[in-house]
Structure formats: structure tokens, C-alpha cells
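Novice: Requesting a structural model of the entry that follows:
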Amino acid sequence: MDGLGQIWVSYFDEGLFGNYGWRTPIGRSGLCCFTNSGQRIWEYESPSGFDGICDCYALNVSRDGVWAYYYSEVPIVRVGRDWNVQGWHTQRPGCRALAIRDNHALLYGEYGERRTTCQLLELTASDTKPIAEIALDLHSETDLSNAIVIGRDMELHVFAGDDWYRFSLESLN
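Specialist: The predicted model follows:
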């Protein structure tokens, strides 16, 4: 839910393409915004030069808009409060969560053995520029491979067993 009380929902392939005989899946655009009473008020349309969503891997509802990272061409997109959509191409496959601060994005996760790594990116005009690889250094007994990681605004929230950790992009200054 955003600061205006609107509910943001992203979808994976079954929500986009349907299952169980759906004729028109509610999540056909991959990203929707609803009122708090459940009325859909907005659906995602790709900005020029970007493919549509096939599977939304990461969603971040922040103070200045909503950010998503999705498959097919793995871009980062921002939906502003005015519904304007802006996109940045990345070369990072498999991100599961993202945190945003100013013109920087921290992407968590990748495929395979790199599923717990982070990469800090600078958002340029329409692309991203890698800045650094970052490891989330938690207690030695914490197994990140089984943790749930969620991006919210400029923070990654890590839920591992009964523990909750927060990693802020502000800590990288």
C-alpha cells in the first residue's frame, strides 16, 4: 500500500496469461493499482523501448513512486505519482528485491549460486551503470538462501526464521 492508501499488485505468469480457464486475467498487464476498496484504477503499459511484463520479480512501493523489476528483458521501471512510467535497462538477471535511493538502485539476488548477492547500480538516462557488488553481512548463522527479502523505499528487509534485518542504502554513504 502506498502513502495514498492505494494497493499495488504485481503478477507472475499465471496472473498475466491466465489459468483455470480465465478469459481475461486481472493481472494481464503485470502491474496494477487498486483503490482500498478493490477497484482497479491503473494498469501497466511499457514505456517506449521496453517489452511488457511476463513475470514481475520485484516490487518496491516507495515515497516517490512504485518501482518494479521484471522478466522479459529485466529492466527497472518507475511509476510516478502522475502515472508516468520511466524505464532503465539492466544486465542483471534474476533480481528478487530492490531498494531505491535517489538515482541508485540496490538489486538483491540473481540466478543460481549468486542468488544472495547484491549489486548497486546508478540510474542514468535510460540505462544502469554497475557501481559495486555488495554482500549483506548478517549473523554468521543466518542462511540468506532461505530468507525472504523485500524492498521498501530505500531499504531491504530480510526475514530469516524469527529474525528481521533491515539494510538501508543510506548506510552506503
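
Novice: now the helices for the chain?
Specialist: Taking DSSP state H to define them, one finds helices in the chain at 13-17.

Novice: Worst mean pLDDT across the helices and strands of it, which element?
Specialist: For the chain, counting by mean pLDDT, DSSP states H and E, helix 13-17 ranks last in confidence among helices and strands (a mean of 75).

Novice: CA atoms of that one as PDB?
Specialist: Output of helix 13-17 as PDB, limited to C-alpha atoms (Å, rounded to 0.1, in the frame of the first residue of the first chain):
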ATOM      1  CA  ASP A  13       3.000 -15.700 -15.400                       C
ATOM      2  CA  GLU A  14      -0.300 -17.300 -14.300                       C
ATOM      3  CA  GLY A  15      -1.700 -13.900 -13.200                       C
ATOM      4  CA  LEU A  16      -0.700 -12.400 -16.600                       C
ATOM      5  CA  PHE A  17      -1.500 -15.200 -19.000                       C
END
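
Novice: Report the distance from that helix to the chain centre.
Specialist: Here helix 13-17 is found 17 Å from its chain centre; the criterion is Cα atoms, centre = their mean, to the nearest Å.

Novice: who does it touch, helix- and strand-wise?
Specialist: Contacting helix 13-17 under the criterion 3 or more Cβ pairs under 8 Å, 6 or more residues apart in numbering; DSSP states H and E is no other helix or strand. For the C-beta atoms, the positions are set from N, CA and C on the backbone; glycine is no exception.

Novice: For it, buried residues please.
Specialist: Counting neighbours by 16 or more other Cβ atoms under 10 Å, one finds that the buried residues in helix 13-17 are 13, 15-16.

Novice: Nearest to I41 among the residues you listed?
Specialist: Set against I41, the nearest of the buried residues of helix 13-17 by Cβ to Cβ is G15 (17.7 Å).
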